[in-house]
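> Here is my input; please provide its structure:
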Amino acid sequence: MPNIIDKINMDINFNKNEDFNKLLVSDLKQKLTVVKQGGGEKRIAKLHGEGKMTARERIDYLLDPKSKSIEIGAFVGDGMYKEHGGCPSGGVIVKIGYVKGKQCIVVANDATVKAGAWFPITAKKNLRAQEIAMENKLPIIYLVDSAGVYLPLQDEIFPDKEHFGRIFRNNAIMSSMGITQIAAVMGSCVAGGAYLPIMSDEALIVDKTGSIFLAGSYLVKAAIGETIDNETLGGATTHCEISGVTDYKAKDDKDALDKIKNIVDKIGDFDKAGYSRVKAVKPALEESDIYGILPKSRSEQYDMMEIIKRLVDNSEFEEYKEGYGQTIITGYARIDGWAVGIVANQRKVVKTKKGEMQFGGVIYSDSADKATRFIANCNQKKIPLVFLQDVTGFMVGSKSEHGGIIKDGAKMVNAVSNSVVPKFTVVVGNSYGAGNYAMCGKAYDPRLIFAWPSAELAVMGGTQAAKVLMQIEASSLKAKGETITAEKETEMFDKIKARYDAQVSPYYAASRLWTDAIIDPLDTRKWISLGIEAANHAPIEKQFNLGVIQV
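Residues are numbered from 1 along each chain as shown. Got it, this is the predicted structure:
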């Protein structure tokens with residue numbers, strides 16, 4: 001039992017952590033407030049003046065009132081394309097929510113950002129939305145209002161496999177998979193982008209504000225000499241009564257969204273994957289304690305089990321192989337009623353039965369071996385997996401190498417790669433190097449991957465990386481005959497570390513869609529629950545098979 005001094009110190013440390021993490025969450029909410037302004041108040045006012053709703057207003061009207069929803073990629077484009085005026089949220093809003101009680105994914109172009117033009121990151125975000133729809137067989141609704149490809153960056157968005165054209169390929173694939181696609185043209189829809197709504201199952205167009213054409217009136221005049229206005233060329237009357245391109249004409253935005261609600265309302269039920277769910281129970285321990293448990297410094301130790309107990313129903317966790325491979329925690333629990341298998345990095349120093357000390361956040365051979373077996377068990381039992389990342393990497397050194405750390409790490413990566421049950425990844429703290437891979441980083445197809453404001457994603461931590469990079473730079477300068485003073489060395493180190501620290505920020509990762517979101521830790525249960533509900537739309541179609549591994 002801790003003595004009174006230890007107890008006081010623990011309370012002080014808890015309070016310091018709590019203050020620090022609450023400030024991170026406050027900063028997150030402030031950043032989200034700015035992001036949600038899109039192109040700014042003037043452009044929002046201009047849109048309203050045209051009788052149109054903003055992308056966010058459209059989604060809010062479409063989704064069921066007071067229902068849960070999550071936003072994918074709110075920080076996409078953050079800090080990018082500054083020379084082009086920026087691209088808040090990638091110029092497109094993506095949410096998973098409920099329409100008439102049915103879970104859907106909604107994709108809405110933000111016309112306040114460069115008239116909804118597609119930047120390279122816009123394409124990446126749209127492809128992510130379609131990937132989520134395909135993996136989970138979720139109905140997808142497109143609210144189209146876009147000027148098409150952003151021409152100054154056309155070479156980064158037009159011709160490659162993961163560029164603009166992949167969107168329409170996915171439209172066709174989803175149609176063949178039986179995934180419902182509904183599109184409403186609520187503004188411009190030009191050039192190649194005109195194919196998206198027409199490749200959907202049903203297409204709506206708003207009278208007087210919606211238009212669809214391969215080339216606008218100016219280009220038509222230049223190309224073939226024909227003089228025609230845009231409304232006659234590709235407006236609602238043209239496409240609903242002459243060309244037959246669209247299926248429904250709406251009088252305004254709300255009418256179009258109401259028609260979508262009515263269409264979704266008639267969709268039949270889906271075949272379920274059958275993941276176990278019972279009545280949800282809140283954690284028995286106070287969830288907000290997470291703020292005080294999670295340390296300020298990414299190098300400090302803490303007990304990940306205390307985090308887990310504040311995420312799972314009734315704080316009940318059935319640990320698997322508790323006394324073995326202790327730097328990874330594995331076990332069964334429920335989150336919002338859903339059965340889950342949890343794989344989490346233990347961040348405190350642990351002592352093995354042999355009396356050896358193992359560092360928290362490091363994956364050792366026995367930990368990798370345990371995780372591999374547990375992942376296989378979850379696949380056998382059809383239990384979704386939740387990875388809680390706070391990992392610095394695999395253990396190095398002669399003892400680990402002679403013990404086969406590469407072999408055991410490869411087994412774990414193999415199990416994560418071949419897992420057929422849905423996987424969800426929460427980046428709690430560190431996500432460094434190969435540890436990111438083994439703990440189901442973005443490259444390993446988690447259905448959703450999201451980070452807490454405390455997260456860091458990189459090959460290695462900022463201090464270590466800066467030391468390595470500084471040594472390389474110093475050696476290069478010395479080779480040129482330059483003298484490196486202690487002051488110069490410190491200056492170089494600080495400059496390199498500042499640059500590296502900016503790149504390990506969770507906002508840097510989120511802006512590039514390496515994660516789907518940065519969230520308040522207290523929203524973790526909601527994200528996992530909605531994610532598993534989405535995954536339940538898609539029955540597992542293949543068997544778990546590890547392939548060839550070194551035993």
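> What count of nearby residues applies to residue 499?
Burial of residue 499 is recorded as 13 neighbouring residues (other C-beta atoms under 10 Å). Every residue, glycine included, has its C-beta placed from N, CA and C.
> mind listing what the nearest residue to residue 309 once chain neighbours are set aside touches?
Leaving aside its chain neighbours, residue 309 sits nearest to residue 315 (4.3 Å; criterion: C-beta to C-beta, 6 or more residues apart in numbering). Shown here is residue 315, whose contacts under the criterion C-beta atoms under 8 Å, 6 or more residues apart in numbering are 283, 284, 285, 309.
> Just the buried ones among these, please.
Buried members of the contacts of residue 315, scored by 16 or more other C-beta atoms under 10 Å, are 283, 309.
> ok, which pair from the contacts of residue 315 is furthest apart?
In these, the most distant members under the criterion C-beta to C-beta are 284 and 309, with 7.9 Å between them.
> centroid residue for the protein?
Geometric centre of the chain, nearest residue: residue 516, 1.1 Å, by C-alpha atoms, centre = their mean.
> Quick check, it in contact with residue 448.
Yes: between residue 516 and residue 448 there is a contact at 5.4 Å, judged by C-beta atoms under 8 Å.
> got any residues that touch both of the two?
By C-beta under 8 Å, 6+ apart, no residue touches both residue 516 and residue 448.
> Hmm, residue 47 is touching residue 54, no?
Yes: checked against C-beta under 8 Å, the pair residue 47 and residue 54 is within contact range at 5.9 Å.
> can you list residues touching both of these two?
The contact lists of residue 47 and residue 54 share 111, 112, where a contact means C-beta under 8 Å, 6+ apart.
> Show me where the stretch 151-300 of the chain has its strands.
Assignment of strands within the stretch 151-300 of the chain using DSSP state E, counting those that start in this stretch yields the ranges 181-190, 202-206, 211-213, 248-250.
> Columns mean pLDDT and distance to residue 376 on top of those, output as CSV?
Conversion of those to CSV gives the following (pLDDT from 0 to 100; distance: least, C-beta to C-beta, whole Å):
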stretch, mean pLDDT, distance to residue 376
strand 181-190, 94, 36
strand 202-206, 96, 43
strand 211-213, 90, 50
strand 248-250, 97, 49
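> highest average neighbour count across those?
Looking across those with neighbours counted as mean count of other C-beta atoms under 10 Å, the highest average goes to strand 181-190: a mean of 26.
> Show the secondary-structure elements that it is packed against.
On a contact count with 3 or more C-beta pairs under 8 Å, 6 or more residues apart in numbering; DSSP states H and E, strand 181-190 meets strand 140-146, helix 165-177, helix 195-198, strand 202-206, strand 211-213, helix 253-265.
> by contact count, what packs against the last one?
Going back to what we said before, that points to helix 253-265. helix 55-62, strand 92-99, strand 102-109, strand 181-190, strand 202-206, strand 248-250.
> Not counting residues beside it along the chain, what's closest to residue 172?
Residue 172 sits nearest to residue 199 (C-beta to C-beta, 6+ apart), 6.3 Å away.
> Go ahead and confirm the one you found touches residue 170.
No: here residue 199 lies out of contact with residue 170, judged by C-beta under 8 Å, at a distance of 9.2 Å.
> more neighbours, those two?
Neighbours per residue (other C-beta under 10 Å) separate residue 199 from residue 170, with residue 170 holding more: 22 against 18.
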